[in-house]
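Undergrad: Please work out how this folds:
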Amino acid sequence: MGEAHMPETEETVEAFLDFLRAVEGLSRHTLAAYGRDLAKVGARLAEAGCELPSASLEALRTVLFAAEHIEKPATRARWLAACRRYYQFLQNQGWRTDNPAQGLKPPSSAHRLPRVLSEAAVEALLNAPDTATALGLRDRAMLEVLYASGLRVSELVGLTLSQVRLAEGLVTTIGKGSKERWVPLGEVAQMWLEHYLQQGRPQLLAGRLSEAVFVTQRHGPMTRQMAWYMITRYARQLGLPPVSPHGLRHAFATHLVNHGADLRVVQMLLGHAAITTTQIYTHVARERLQQLHARHHPRG
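TA: Okay, the predicted model is just below:
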C-alpha cells in the first residue's frame with residue numbers, strides 16, 4: 001500500500017497538534033512546546049533543502065548532529081522525541097510508510113537536577129514574606145503550598161476554591177494529560193493557606209468575586225510569570241542562588257526521598273505518568289545511603 005498524498009508542512013503539524021489536543025488532552029503549554037520544536041527542526045531541514053513531512057533518516061540525522069555543538073543534548077533529545085511522535089502520526093494517517101526518527105538514538109546526557117536547595121534555605125525562603133500584609137500572607141501561602149505539595153507552578157496559580165479541601169488538608173489539581181490527582185498539604189501549609197483565605201485574600205479582592213485561590217492587588221488571578229518573579233525576588237533578598245518555582249518542586253521531591261519516601265509515592269505526588277521520570281531522584285537515595293553508611297558503619 002502506497003503513501004497517501006502528503007499535505008503541506010503547516011497542515012501536517014496543525015493536524016498533529018490537533019490530535020494531541022483532542023485525543024491525548026495535552027495542555028496548551030505542551031502543545032506550544034511541540035509546535036516550537038517541530039518548527040526549529042523544520043527550519044533546519046529547509047536550510048538543507050528538505051521538507052519536514054518528507055524528511056529522510058539521513059536528513060534528520062544530519063540536522064540533529066549539526067546542532068551538536070550549538071544546542072544542549074537535552075534540547076536535541078526533545079527535538080527527536082517530538083519528531084518521533086510527529087512521524088508516527090504521519091504513519092497512522094497514511095501519509096508516510098516509515099518513521100525516520102525511530103532509527104535515531106537520543107544524545108547521551110546524564111540526568112542532572114538543578115542545584116537543590118537545602119532544607120535550611122527553603123525554611124529561610126518560606127519565612128521571607130512579611131505576613132503582616134495581605135500580599136505577604138498570599139506569598140507565604142503560595143510558597144508553603146508549593147513546597148508542601150510539589151505542584152507545578154501552572155497547577156499552583158490555576159487552583160480554584162473548589163479544588164481546596166481545607167478540612168481534609170488536600171488540594172486536587174489537573175496535571176498533564178488532564179489527569180486529576182489529590183495532593184496532601186501538611187499541617188503548616190494548611191494553616192497558612194487558611195490564614196490567607198480568611199484574611200489576605202478578602203483584602204486583595206476588596207469585595208470583588210473570583211474563583212482563583214491566589215489573586216493579585218488588581219483582583220485577578222496570579223500568573224506563572226508573577227509567581228516566578230515573586231519567588232526569585234525573595235531568593236535574591238536572602239542572597240540565595242537563583243530559585244524558580246520548579247526549583248521548589250525539585251526540593252520537595254529531593255527532601256522527601258532524603259527522608260525515606262518511596263519513589264512510587266513521589267511519582268504519584270509529582271503527577272509523573274511514568275516512574276522513569278521520577279527515577280532522576282534515585283541518585284538522592286544513593287547519596288543518602290552512602291552518607292548513612294559512612295556515618296554509622298565501623299569501617300565507613
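Undergrad: okay, CA-based contacts and neighbour counts for the rest of this
TA: Noted.
Undergrad: What strand or helix carries L31?
TA: helix 28-47 (DSSP states H and E).
Undergrad: From the contact counts, what lies against that helix?
TA: helix 9-23, helix 57-66, helix 73-92 (3 or more C-alpha pairs under 8 Å, 6 or more residues apart in numbering; DSSP states H and E).
Undergrad: Can you give the contact residues for the helix or strand that the last one is followed by?
TA: Read that as helix 73-92. The helix or strand immediately downstream of helix 73-92 is helix 119-126, counting by DSSP H and E. By C-alpha atoms under 8 Å, 6 or more residues apart in numbering, the surrounding residues in contact with helix 119-126 are R140, L143, E144, Y234, A235, L238, L240, L248, H255.
Undergrad: go on, stretch 193-206?
TA: 133-135, 137-138, 141-142, 144-145, 166, 213-219.
Undergrad: all helices for the stretch 151-300 of the chain, in order.
TA: Along the stretch 151-300 of the chain, the segments classed as helices by DSSP state H, counting those that start in this stretch run 153-157, 187-195, 201-205, 224-238, 245-258, 263-270, 275-278, 282-296.
Undergrad: mind putting the ones you listed in TSV, mean pLDDT, mean neighbour count and distance to L17 included?
TA: Putting the helices of the stretch 151-300 of the chain into TSV (pLDDT from 0 to 100; neighbours: other C-alpha atoms under 10 Å; distance: least, C-alpha to C-alpha, whole Å) gives the following:
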stretch	mean pLDDT	mean neighbour count	distance to L17
helix 153-157	89	20	20
helix 187-195	94	19	37
helix 201-205	96	19	37
helix 224-238	91	16	23
helix 245-258	79	21	26
helix 263-270	70	18	25
helix 275-278	58	14	23
helix 282-296	58	13	33
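Undergrad: quick one, what contacts the residue most central in space within the chain?
TA: By C-alpha atoms, centre = their mean, the chain has its centre lying nearest to R152, at 5.6 Å. Residues in contact with R152, defined by C-alpha under 8 Å, 6+ apart, are L146, P245, H246, R249.
Undergrad: coming back round to it: quick one: closest of the helices of the stretch 151-300 of the chain to P100.
TA: Nearest to P100 among these is helix 275-278; the distance by C-alpha to C-alpha comes to 24.8 Å.
Undergrad: Walk me through the domains of the chain.
TA: Per automatic domain parsing, the structural domains of the chain span 9-103, 120-245.
Undergrad: now those as TSV including distance to Q267?
TA: Output for the domains of the chain, formatted as TSV (distance: least, C-alpha to C-alpha, whole Å):
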stretch	distance to Q267
domain 9-103	19
domain 120-245	11
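Undergrad: Where does the prediction get shaky in the stretch 1-150 of the chain?
TA: Along the stretch 1-150 of the chain, the parts satisfying pLDDT under 70 run over 1-5, 67-70, 108-115.
Undergrad: now the angle from the helix holding L31 to helix 9-23?
TA: 160 degrees (axes from the mean of the first three to the mean of the last three C-alpha atoms, to 10 degrees).
Undergrad: Mind listing what's buried along helix 28-47?
TA: L31, Y34, G35, D37, L38, A39, V41, G42, A43, R44, L45 (16 or more other C-alpha atoms under 10 Å).
Undergrad: Mark which of the contacts of stretch 193-206 are buried, thanks.
TA: For those, buried by 16+ other C-alpha under 10 Å: 134-135, 137-138, 141-142, 144-145, 213-216, 219.
Undergrad: now for these, which pair is the farthest apart?
TA: E144 and H219 (21.5 Å).
Undergrad: closest to L269 out of the domains of the chain?
TA: domain 120-245 (6.2 Å).
Undergrad: Show residues contacting stretch 222-240.
TA: 121, 124-125, 128-129, 139, 143, 153-154, 157, 214-216, 241-245.
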